[in-house]
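Trainee: Show me the folded form of this:
(one chain, ligands or ions: 1)
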Amino acid sequence: MKIVLTYGTFDVLHYGHINLLKRAKKLGDYLVVGLSTDEFNKIKNKKALYNFEQRKLMLESIKYVDKVIPEENWEQKIDDVKKFNVDIFVMGDDWSGKFDYLSKYCKVVYLDRTPNISSTKVREILKSR
Ligand code: C2G
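Mentor: Residues are numbered from 1 along each chain as shown. Modelled structure (predicted):
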């Protein structure tokens, strides 16, 4: 059973997020997603439209996602990798290199971001309508 782990805010869910989750799941058998809490979003300087519970509900409805855990800080990844026996850590390549320290504990994979889509872009398009 290959366990895959990824993290994110996943606000205003869009096909770029789904592409990432779909490819992450394909790398293994079970996908754990660390979902940034509202408090951690403040630390990340990210203003999410949807709160943690709303974003968690949406993520849990995605067939590629097997488990959603709270992401509360930058430091929890090593503990999470150990706790969930993670084989592969995955992030979009906007994070390329940033989590290489995890390669001591598991495989680290950066996947191409889906071009021309982001939660910010979606919000701007909706505002301009
Ligand atoms: N993503 C993507 N293509 C996009 C937009 C996002 O592949 N067009 C990927 C990101 O690279 C990330 C995931 O989708 O791997 C979630 O994106 P965000 O919610 O923006 O995640 P972020 O705020 O970067 O949080 O500790 C890690 C952080 O929590 C990552």
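
Trainee: Regarding the chain, what is its longest helix?
Mentor: Using DSSP state H to assign secondary structure, the helix with the most residues in the chain is helix 15-26.

Trainee: what's it in contact with?
Mentor: Counting contacts by Cβ atoms under 8 Å, 6 or more residues apart in numbering, the residues outside helix 15-26 that touch it are 4, 6, 8, 10, 31, 33, 62, 64-65, 88, 90, 92, 111, 113-114, 117-118. (Glycine included, C-beta is placed from N, CA and C.)

Trainee: repeat that with 7 Å
Mentor: Taking Cβ atoms under 7 Å, 6 or more residues apart in numbering as the criterion, the residues outside helix 15-26 that touch it are 4, 6, 10, 31, 62, 64-65, 90, 92, 111, 113-114, 117-118.

Trainee: Give me the buried entries from those residues.
Mentor: Applying 16 or more other Cβ atoms under 10 Å to the contacts of helix 15-26, the neighbour count classes 4, 6, 10, 31, 62, 64-65, 90, 92, 111, 113-114, 118 as buried.

Trainee: Look up how far D112 lies from the residue in the chain positioned nearest to the ligand.
Mentor: Residue nearest to the ligand within the chain: G92 (1.7 Å; Cβ to the nearest ligand atom). With distances defined as Cβ to Cβ, to the nearest Å, the gap from G92 to D112 amounts to 8 Å.

Trainee: what residues does the chain put near the ligand?
Mentor: Among all residues of the chain, those adjacent to the ligand (criterion: Cβ under 6 Å from any ligand atom) are 7-10, 16-17, 20, 36, 46, 71, 91-92, 94, 113-114, 117-118.

Trainee: Which of those fall within strands?
Mentor: Counted as lying in strands by DSSP state E, out of these, are 7-8, 36, 71, 91-92.

Trainee: of all those residues, which two lie farthest apart?
Mentor: Taking Cβ to Cβ, the two most distant members of those are E71 and G92; they sit 14.8 Å apart.
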